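1. Got a predicted structure here, sequence first:
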Amino acid sequence: FKAALFEEIDIYQNMVVAKENDNLYHSISVDFIHIGNDSKASISINGNKTETILKAGYNKLEILLPKASETTKYKAIIEKEGSPFLEREFELTPVKEWEIFLVQHTHTDIGYTRPQTEILPEHLRYIDNALDFCDQTDDYPDASKFRWTCETSWSLREYLKTRPQSQIDRLITRVKEGRIEATAMFLNFSEIVDESALAEQTKTLKMLKDNGFEISTAMQNDVNGIGWSVVDLFHNTDVKYLSMGIHAHRARKPFDKPTAFWWESPAGNRILAYRGEHYQHGNSLSLTTGQLDVLRTNLSSYLKSLDEKNYPYDKASLQFSGYITDNSPPSANVCDIIREWNSKYEWPKLRSSLARDFLVYLENEHSNELSHKKVAWPDWWTDGVGSAANETKTVRNTQAEMPAITSVLAMAKIMGVDINQSFMNDIEEVYDNLLFYDEHTHGAAESVSDPLAQNTVNQWGMKSAYAWEAAKKSHALAEKAMAFIEPAIGKSNL
């Protein structure tokens, strides 16, 4: 059972300020667990009586009381048909004037929820959906207009390859308007991605910027760390923010509240980093269900816990997806939920946001207060690479070989050899395969519970293929590089 099988009454304050007819009110919840037939009940506070009909099971009632500027004690008289009246004392305290930045995104798994062959088409459609949802909510209040953050640059790169220019122009316009955000990480990477591969993925960042995209934020979710080299790799690229969404399943959560800090590299460069809650924490608070009473209770409890843990700000950022699943399509339903909430409650204010918005606030208002951390940020969760030791070994060997191969090509170019575009295409193909293997998804959702399921077998076949394709192409590229540099070296007289 989810609730005790005995009658119970609970009165508590919600951490919200309601508004009606230009007046502000505290909100209290009166929760009943009722056993038996329908029964009349009333709650009297300061001479004001609220009546209700209790149904068998759990009943929730919201009562509004005039907003007070200091702690105020109250007494509630509760009358229930067929039972003696009860008196309950409670107190109301001033409510912090919170603003909640709600960041909708699609968490990108290359596989896991569905085979890799289905992931790219659906992510391209999601961008189309996001553009349509922007159109549909243009006349909404600004705080509830549809906004969406594209978690990875990979899907945007492919979008530019597969959509007509008119659709690309729509996207760039919405990015410049601040309704859609393009971010800097190609994919969400596991711990085995190396520095050269992280450098290679910034080519997509450059390509997007060359096409008119404004990008200031890197985003990595579902991985609890990120390569230290990204601080230097993003230096001088206009990327100055890093948003991280933790995954504590089997991984432990080493902090009790979200934190922000200046993350510094050994070279002295820095990026403003935000270590947030789980990347679908908004969903866990029932944001997308449309049940405002449930959201009110859950959000109140969460904000109260932040206060108790000395969270230093009156604003918070929560990520969510349109639905509670990885690779989720976007949803415009939350725009109606935000609009309804803000029409009913003065505080907390809900705001449809981009990932960068909260980080801009931190930089503008709290930059000098943030701590500086010159430390590595290793991941401690993505253990999928350990389940495929042979493929992982192959990828790491290939990653070690690629800088040597590209160094030979650089020497050849210095010696006057024509290094044509085919070499660049070969290098890109190798690194694409490496990056897709380094991506954090290892196996279908049911790979442990049903290892012989068709989806499990198919997904692993495609995932492992990235390793072998990278090795095959890199060996061919090494041979090609030696063939082109050899004539430039000349023959020895020995």
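-> It's in.

2. going forward, measure contacts between C-alpha atoms and count neighbours the same way
-> Will do.

3. number of nearby residues for the nearest residue to N333 once chain neighbours are set aside?
-> For N333, the nearest residue in space outside its immediate sequence neighbours is T288; the separation is 7.2 Å by CA to CA, 6 or more residues apart in numbering. For T288, the count of nearby residues is 24 (other CA atoms under 10 Å).

4. Likewise for I100?
-> For I100, the count of nearby residues is 20 (other CA under 10 Å).

5. Which strand or helix spans it?
-> Assigned by DSSP states H and E, I100 falls within strand 99-104.

6. got the buried residues for the helix or strand just after that strand?
-> Using DSSP H and E, the helix or strand that follows strand 99-104 towards the C-terminus is helix 116-136. Within helix 116-136, the residues that count as buried by 16 or more other CA atoms under 10 Å are 116, 119-120, 123-124, 126-131, 133-134.

7. Send over stretch 409-429 as PDB, restricted to the C-alpha atoms.
-> Taking C-alpha atoms only, stretch 409-429 is exported to PDB below (Å, rounded to 0.1, in the frame of the first residue of the first chain):
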ATOM      1  CA  LEU A 409      50.000  13.900 -42.800                       C
ATOM      2  CA  ALA A 410      51.100  17.200 -41.300                       C
ATOM      3  CA  MET A 411      54.800  16.400 -42.100                       C
ATOM      4  CA  ALA A 412      53.800  15.400 -45.600                       C
ATOM      5  CA  LYS A 413      52.100  18.700 -46.200                       C
ATOM      6  CA  ILE A 414      55.100  20.600 -44.900                       C
ATOM      7  CA  MET A 415      57.200  18.600 -47.400                       C
ATOM      8  CA  GLY A 416      55.000  19.800 -50.300                       C
ATOM      9  CA  VAL A 417      52.700  16.800 -50.600                       C
ATOM     10  CA  ASP A 418      49.100  17.600 -51.800                       C
ATOM     11  CA  ILE A 419      46.900  16.500 -48.900                       C
ATOM     12  CA  ASN A 420      43.600  16.600 -50.600                       C
ATOM     13  CA  GLN A 421      40.100  16.600 -49.200                       C
ATOM     14  CA  SER A 422      39.900  12.900 -49.200                       C
ATOM     15  CA  PHE A 423      42.300  12.700 -46.300                       C
ATOM     16  CA  MET A 424      40.000  15.100 -44.300                       C
ATOM     17  CA  ASN A 425      37.000  12.900 -45.100                       C
ATOM     18  CA  ASP A 426      38.900   9.800 -44.000                       C
ATOM     19  CA  ILE A 427      39.900  11.400 -40.700                       C
ATOM     20  CA  GLU A 428      36.300  12.600 -40.100                       C
ATOM     21  CA  GLU A 429      35.000   9.100 -40.700                       C
END
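
8. Would you mind listing the buried residues in it?
-> Buried residues in stretch 409-429 (16+ other CA under 10 Å): L409, A412, K413, V417, I419, I427, E429.

9. outside of that stretch, which residues touch it?
-> With contacts defined as CA atoms under 8 Å, 6 or more residues apart in numbering, stretch 409-429 is touched by A470, K473, S474, L477, A481, F484, I485, A488.

10. Partner strands of the strand holding I100, with direction?
-> Applying DSSP bridges, strand 99-104 is found paired with strand 315-320 (parallel), strand 349-353 (parallel).

11. okay, and the helix or strand of this structure with the least pLDDT?
-> Scoring the helices and strands of the chain by mean pLDDT, DSSP states H and E places strand 83-92 at the bottom, with a mean of 90.

12. Counting by contacts, list what that strand packs against.
-> Applying 3 or more CA pairs under 8 Å, 6 or more residues apart in numbering; DSSP states H and E, one finds that strand 83-92 contacts strand 8-20, strand 72-80.

13. try it again with 7 Å
-> Here strand 83-92 touches strand 72-80, going by 3 or more CA pairs under 7 Å, 6 or more residues apart in numbering; DSSP states H and E.

14. what's the angle between the strand it packs on and strand 83-92?
-> For strand 72-80 against strand 83-92, the angle by axes from the mean of the first three to the mean of the last three CA atoms, to 10 degrees is 160 degrees.

15. Report the rounded mean pLDDT for strand 72-80.
-> Averaged across strand 72-80, the pLDDT comes to 93.

16. Grab the longest helix from the protein for me.
-> Using DSSP state H, we find that the single longest helix of the chain is helix 454-489.

17. got the angle for that helix vs helix 116-136?
-> Using the same axes, to 10 degrees: helix 454-489 against helix 116-136 is 100 degrees.

18. Return the set of buried residues in helix 454-489.
-> Neighbour-count burial for helix 454-489 flags 455-460, 462-471, 473-475, 477-478, 481, 484-485 (criterion: 16+ other CA under 10 Å).

19. Which elements pack onto that helix?
-> On a contact count with 3+ CA pairs under 7 Å, 6+ apart, helix 454-489 meets helix 389-414, helix 421-438.

20. Adding distance to E91, write those out as JSON lines.
-> Shown next, in JSON lines, are the helices and strands packed on helix 454-489 (distance: least, CA to CA, whole Å):
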{"stretch": "helix 389-414", "distance to E91": "59"}
{"stretch": "helix 421-438", "distance to E91": "54"}
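
21. among these, which is nearest V103?
-> Smallest distance to V103 across the helices and strands packed on helix 454-489 (CA to CA): 25.5 Å, for helix 421-438.

22. can you give me the offset of the closest one from its chain's centre?
-> Distance, stretch centre to chain centre, for helix 421-438: 27 Å (CA atoms, centre = their mean, to the nearest Å).
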